[in-house]
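Peer 1: give the three-dimensional model of this entry:
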Amino acid sequence: MNVLVFDIETVPDVEGGRRMYGLGDLDDDEVVHVMHAKRSQETGGKGELLRQHLQRVVAISLVLRTDSRLHIWSLGEPASGEHELIERFFEGIERYSPLLVSWNGRGFDLPVLHYRALVHGVSAPRYWEIGENESGFRWNNYLNRFHERHTDLMDVLAGYEPRAYASLHDIATLLGLPGKLGMTGADVWGRFRSGDIESIREYCETDVLNTYLIYLRYELMRGRQTREGYDLACRTLREALEQEPRPHLRAFLSAWGAGPA
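Peer 2: Have a look, this model is predicted:
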C-alpha cells in the first residue's frame, strides 16, 4: 500500500475569530490576543492551543512512499492559499488511496482539515468513504479511530490512552532522531506575520521526516517489517536526502547521524 505521512502547520483563523467575537475594528494581532484570552478562560488559564475550528492551515508537508519512489515535499508554493493546499491534500487521497500516517493527526491535524475543507467547500469522497460504495472501507477507513487506514502514531503507541501521550520531539529524541531543529510550533505565528512562509514549510517537512522514521520503527516493532527491510527503508531515505539540495533537509540528514535510525 502507498504510505502518505503528513503534518500541517496552522495559525489562528483571524477572520473567523473576528466574525465570532465581533472584533471588526481590531488589527490581526489584537484579534489573536482576544482569541487566546477567550481560550484561556475556557481552560482555566492553562494556555492550551486554540481549538481546531479556529485554526487556519498555512503548510501541509508530506512523505509519500510508493513501490517506485520516495518523495518529500510541501504542497503548493509559499504563496498558495489555504483552499489550494487542502484541495491538493484530498486530491492525493483520491489518487493514491494511501495509508495515512501522522503524529496526533486524529486529535489535531485531521479535525482542522475537516473544518477548513468545510469552510472552503472541498470535496473528498474517498476520504469520507465508510463502506457505502466500497465494501473494503467498511472494515478499514480513514475515520474510525481503531482502523489502520489512518494510523495516528501518538494515539496508537499510547494505547489510545491520553495520559500516555508523548510529543513527537520527545519520541524522536528517544530514538536518536533529529527531532525539532531550530524551530517549534510556538514560532509559527511570528514567522507567518513576518511573511516567512518558507521557514514554516521547512519546519513542517522535518517534522514529517521524524514521523516517517518513527513509523518505520513502529512497523519493525509490530512485525510488519523485517530488520533487513527496515534497514533498507532507512538507507533509501538517507540516499534520497543525500541527493537533496535543500539546506534544511541536508541539516536533517546531518543531525540524523550515521546509524540506520
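Peer 1: switch to C-alpha atoms for all contacts and neighbour counts from now on
Peer 2: Fine.
Peer 1: doesn't Tyr127 make contact with Ile93?
Peer 2: Yes: the pair Ile93 and Tyr127 qualifies as a contact (C-alpha atoms under 8 Å) at a distance of 6.6 Å.
Peer 1: low-confidence ranges, this protein, go.
Peer 2: 258-261 (pLDDT under 70).
Peer 1: strands along that one, start to end?
Peer 2: Assigned strands in the chain, in chain order: 3-12, 55-65, 70-74, 99-102, 150-152 (criterion: DSSP state E).
Peer 1: what lines up beside the shortest one in the sheet?
Peer 2: Each strand that pairs with strand 150-152, with its direction, by DSSP bridges: strand 99-102 (parallel).
Peer 1: which residues sit against the partner strand?
Peer 2: 1-7, 142, 148-154, 208, 211-212, 215 (C-alpha atoms under 8 Å, 6 or more residues apart in numbering).
Peer 1: among the residues you listed, name the buried ones.
Peer 2: Buried residues within those, defined by neighbour count using 16 or more other C-alpha atoms under 10 Å: 3-7, 142, 148-154, 208, 211-212, 215.
Peer 1: so how far is stretch 243-251 off the chain centroid?
Peer 2: Put simply, stretch 243-251 sits 20 Å off its chain's centre (C-alpha atoms, centre = their mean, to the nearest Å).
Peer 1: same check, this time on stretch 6-15
Peer 2: Centroid separation between stretch 6-15 and its chain, computed with C-alpha atoms, centre = their mean, is 11 Å.
Peer 1: buried residues, that stretch. List them.
Peer 2: 6-14.
Peer 1: now do stretch 44-58
Peer 2: Neighbour-count burial for stretch 44-58 [16+ other C-alpha under 10 Å]: 50, 52-58.
Peer 1: OK, contacts around Gln55?
Peer 2: Neighbour list for Gln55: 10-13, 112 [criterion: C-alpha under 8 Å, 6+ apart].
Peer 1: what's the answer for Gln52, then?
Peer 2: By C-alpha under 8 Å, 6+ apart, the neighbours of Gln52 are 108, 111-112, 115.
Peer 1: from these, which is closest to Asp187?
Peer 2: Using C-alpha to C-alpha, Phe108 is the member of the contacts of Gln52 that lies nearest Asp187, at 17.7 Å.
Peer 1: against Arg51, how distant is the closest one?
Peer 2: Separation of Phe108 from Arg51 (C-alpha to C-alpha, to the nearest Å): 9 Å.
Peer 1: okay if I get the contacts of Gln52 as a markdown table plus neighbour count and distance to Gly229?
Peer 2: Below are the contacts of Gln52 laid out as a markdown table (neighbours: other C-alpha atoms under 10 Å; distance: C-alpha to C-alpha, whole Å):
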| residue | neighbour count | distance to Gly229 |
| --- | --- | --- |
| Phe108 | 17 | 31 |
| Pro111 | 16 | 33 |
| Val112 | 22 | 34 |
| Tyr115 | 16 | 38 |
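Peer 1: could you identify the most distant pair in those residues?
Peer 2: It's Phe108 and Tyr115 that sit farthest apart of the contacts of Gln52, by C-alpha to C-alpha, at 11.0 Å.
Peer 1: could you count how many residues lie near His83?
Peer 2: The number of residues packed near His83 is 16, by other C-alpha atoms under 10 Å.
Peer 1: name the nearest residue to it, sequence neighbours excluded.
Peer 2: Spatial nearest neighbour of His83, chain neighbours left out: His120 (6.0 Å); criterion: C-alpha to C-alpha, 6 or more residues apart in numbering.
Peer 1: wait, that neighbour sits on Leu85?
Peer 2: No: taking contacts as C-alpha under 8 Å, His120 lies outside contact range of Leu85: 10.9 Å.
Peer 1: more neighbours: which of those two?
Peer 2: Leu85 (20 against 13).
Peer 1: what about that one, distance to Arg138?
Peer 2: Taken as C-alpha to C-alpha, the span from Leu85 to Arg138 is 28 Å.
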